[in-house]
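*Asks:* next come a sequence and a model predicted from it.
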Amino acid sequence: EADIYQTPRYLVIGTGKKITLECSQTMGHDKMYWYQQDPGMELHLIHYSYGVNSTEKGDLSSESTVSRIRTEHFPLTLESARPSHTSQYLCASSEFLDNYGYTFGSGTRLTVV
Amino acid sequence: AQSVAQPEDQVNVAEGNPLTVKCTYSVSGNPYLFWYVQYPNRGLQFLLKYITGDNLVKGSYGFEAEFNKSQTSFHLKKPSALVSDSALYFCAVRAPGQNFVFGPGTRLSVLP
């Protein structure tokens, strides 16, 4: 399937813990994205990057942070997890040209208890 | 500003019948229009796209979509639905130089 990998697939963690969700792609894509997906389906862009050392916040305010030190790697970190962070997190990447679509990872389903 | 509407949260169709999942959009300039499908516990998978040219585009798994500029619509269609088509479907629009905007999704249920 897609050459973009997210780990872990499922994570249950206690309140207050620091977590990092991993996302890596092997396609050499410049652009990478993190989406938060509600239980009711809708996707919300929380972070994106257009290249190394470039990160921007998305449309939905998030307490998470991201980094882009290498082209292929775009991890998302929550310093102190809360139950409100319980959601599915989807990572995606794309070519620089606009007429290409996104390639999505399989997602990380996070539950904070 | 870009926006995408999928007016139906849920579409139910009997196996073998034609299906339509509706999408309308608002964007400045010429849009790039995409459909994605999401199966349970998976990421989104690309189905088809319209960039330019023929208004009728064909994609994976027998799906097609028609770009209608005057109605600003990009409805997804399939002549004969399969139970395995049951999934979430997302319409997405992208203006040149912008990130994608995704619709809220439509849950398709194909009944045997």
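*Replies:* It's in.

*Asks:* is the residue of chain A at minimum distance from chain B in a bridge, and if so with what?
*Replies:* Per Cβ to the nearest Cβ, A:Phe104 is where chain A lies closest to chain B, at 3.3 Å. To be clear about C-beta, it is placed using only N, CA and C from the backbone, and glycine gets the same treatment. Beta-bridge pairing for A:Phe104 (DSSP bridges): A:Ala92.

*Asks:* let me know the pLDDT of it.
*Replies:* The model reports A:Phe104 with a pLDDT of 95.

*Asks:* ok, it - how many residues close by?
*Replies:* If you count neighbours by other Cβ atoms under 10 Å in any protein chain shown, A:Phe104 ends up with 25.

*Asks:* cool, and A:Pro8?
*Replies:* 12.

*Asks:* ok, A:Ser62 next?
*Replies:* Based on other Cβ under 10 Å, the number of other residues close to A:Ser62 is 19.

*Asks:* and if you look at A:Gly58?
*Replies:* A count of neighbours around A:Gly58, defined by other Cβ under 10 Å, yields 17.

*Asks:* just the one 5 residues further on next, same as before
*Replies:* The tally of other residues near A:Glu63 (other Cβ under 10 Å) stands at 13.

*Asks:* residues of chain A that sit close to chain B?
*Replies:* Proximity of chain A to chain B is confined to A:2, A:4, A:6, A:9, A:33, A:41-43, A:45, A:48, A:58, A:90, A:92, A:98-99, A:101-107, A:109 under the rule Cβ under 8 Å from any Cβ of the partner chain.

*Asks:* now those: which count as buried?
*Replies:* Among the residues of chain A next to chain B, those scoring as buried are A:2, A:4, A:6, A:33, A:41, A:43, A:45, A:48, A:58, A:90, A:92, A:98, A:101-107, A:109 (criterion: 16 or more other Cβ atoms under 10 Å in any protein chain shown).
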